[in-house]
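S.K.: curious how this folds, go ahead:
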Amino acid sequence: MQSTRTYKDKLFLFIKGLAMGAANKVPGVSGGVVAFVAGFYEEFIYSLQKINKTAFKLLFNGRFKSFFHYINGRFLGLLFLGMVVSYFSVSKILDYFLVHSELYVWSLFFGMIIGSIYYINKDFNDWNYQTLISLAIGIILGVAISFLDPAKENDNLFFVFFCGIISVSGMTLPGFSGSFILILLGNYVLLLVDSVNALSDTFYEIIVGDLSVFQNSERIRMLKVLVVFTLGSVTGLVTFSHMLSYILKHYKSITIASIIGFIVGSLGVVWPWKETIYRMTDEGGFIYDSTGKKVVLNYERFIPQLNTETYLAIIYIAVGIAIVLGLEWYGKKTRKINV
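M.R.: Residues are numbered from 1 along each chain as shown. Just a heads-up that it's a prediction; the model follows:
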């Protein structure tokens, strides 16, 4: 019985990693919200905090088992495995539906974020002038970010490293969408589309025995960009986790109030009814990425008319809320069984 439960725990942790990876790739959605609602946010932050000087001493001294145990390696390993697999599978499916059923995808995520706000807020009772100010600041920042215009693409490696640091904010800070920040920085397509596709194509070509990739200067450039972006992401993940671990320990109520504010503010980004504004050339033509899709500049939001499409979108919002409430119910049930 115990081994079965352990296997199920591992499976569900992997699935949570898939969900975090998919959420991180969708502009306006935060993987940190998944961690918060699924009930492993604090364990995630504290596990990342363990990647420190002590951990590296254990690693360099060859004490791999102690290192693995010290950093909660099974937990982090399954979670990150799920995220990596998601980037090459679930997120690809999401890309498809964002093109063909954009309104309903945004509606589903909008509902999930509403459900997340309810979930986080329902057990939070420490409201005072400090937490209310933190809530307001979080909302204002979230809304302000959603209306900024993106910069142009920049493949300078120092800037790419900085993008990596910033992009993981969505994993560690619920409501703060790392992928949307990358859009604002102008590098969403470069770092989450073009470079990932370059890695996929490289793996495929090496497997089939085509080694011409090593003479392809453009492919090498994209792989360098991906490596630097990954290094920046790891740096940011560890740095943010140490900061948040300290903040959660000493200012937990203020932090949670700010997180609720960020998530409320992020509703503006995932508002389902919006018209996409695409980046244009000086001559008036559209700019396309390497996959042939138009490059998004920003969104123009509007109030929908009441019609069949709108009613269906509202149903998807309700489904999104139900998914979060269902996760909450399942989490309570699981905790009761384990007790």
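S.K.: got the contact list for the host helix or strand of residue 10?
M.R.: Assigned by DSSP states H and E, residue 10 belongs to helix 2-25. For helix 2-25, contacts defined as C-beta atoms under 8 Å, 6 or more residues apart in numbering pick out 29-31, 33-35, 38, 40, 74-75, 78-87, 89-91, 94, 170-171, 178-179, 192, 337-338. Yep, even glycine has a C-beta here, placed from its N, CA and C like the rest.
S.K.: stretch 125-132: how far from the chain's middle?
M.R.: 27 Å (C-alpha atoms, centre = their mean, to the nearest Å).
S.K.: show me where pLDDT drops low in the stretch 101-250 of the chain?
M.R.: 149-150, 170, 174-176 (pLDDT under 70).
S.K.: now the helices: where do they sit in it?
M.R.: Under the criterion DSSP state H, counting those that start in this stretch, the stretch 101-250 of the chain contains helices at 102-122, 129-146, 157-167, 169-172, 178-185, 188-189, 195-207, 217-250.
S.K.: flag every buried residue along the fifth one.
M.R.: If you call a residue buried by 16 or more other C-beta atoms under 10 Å, then helix 178-185 has these buried ones: 178, 179, 180, 181, 182, 183, 184, 185.
S.K.: ditto for the second one
M.R.: Residues of helix 129-146 classed as buried: 131, 134, 135, 137, 138, 139, 141, 142, 143, 145, 146 (neighbour count, 16+ other C-beta under 10 Å).
S.K.: do the same with the third one
M.R.: Going by neighbour count (16+ other C-beta under 10 Å), the buried part of helix 157-167 is 159, 160, 161, 162, 163, 164, 165, 166, 167.
S.K.: for the buried residues of helix 129-146, give me a markdown table that also has distance to residue 238.
M.R.: Shown next, in a markdown table, are the buried residues of helix 129-146 (distance: C-beta to C-beta, whole Å):
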| residue | distance to residue 238 |
| --- | --- |
| 131 | 28 |
| 134 | 25 |
| 135 | 28 |
| 137 | 26 |
| 138 | 24 |
| 139 | 28 |
| 141 | 24 |
| 142 | 25 |
| 143 | 29 |
| 145 | 24 |
| 146 | 28 |
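S.K.: closest to residue 265 out of these?
M.R.: Checking the buried residues of helix 129-146 against residue 265 with C-beta to C-beta, the nearest one is residue 142 at 1.6 Å.
S.K.: if I pick that closest one, what's in contact with it?
M.R.: 175, 176, 261, 262, 263, 264, 265, 266, 267, 268, 269.
S.K.: the fifth one should be in a strand, yeah?
M.R.: Okay, so that is residue 263. No. According to DSSP: H, G, I helix; E, B strand; the rest coil, residue 263 belongs to no strand; its state is helix.
S.K.: checking residue 272 next. Helix, strand or coil?
M.R.: Strictly by three-state DSSP, residue 272 counts as coil.
S.K.: dump the residue contacts of it.
M.R.: 103, 104, 106, 107, 110, 313, 317.
S.K.: since that was my last question, I'll sign off now.
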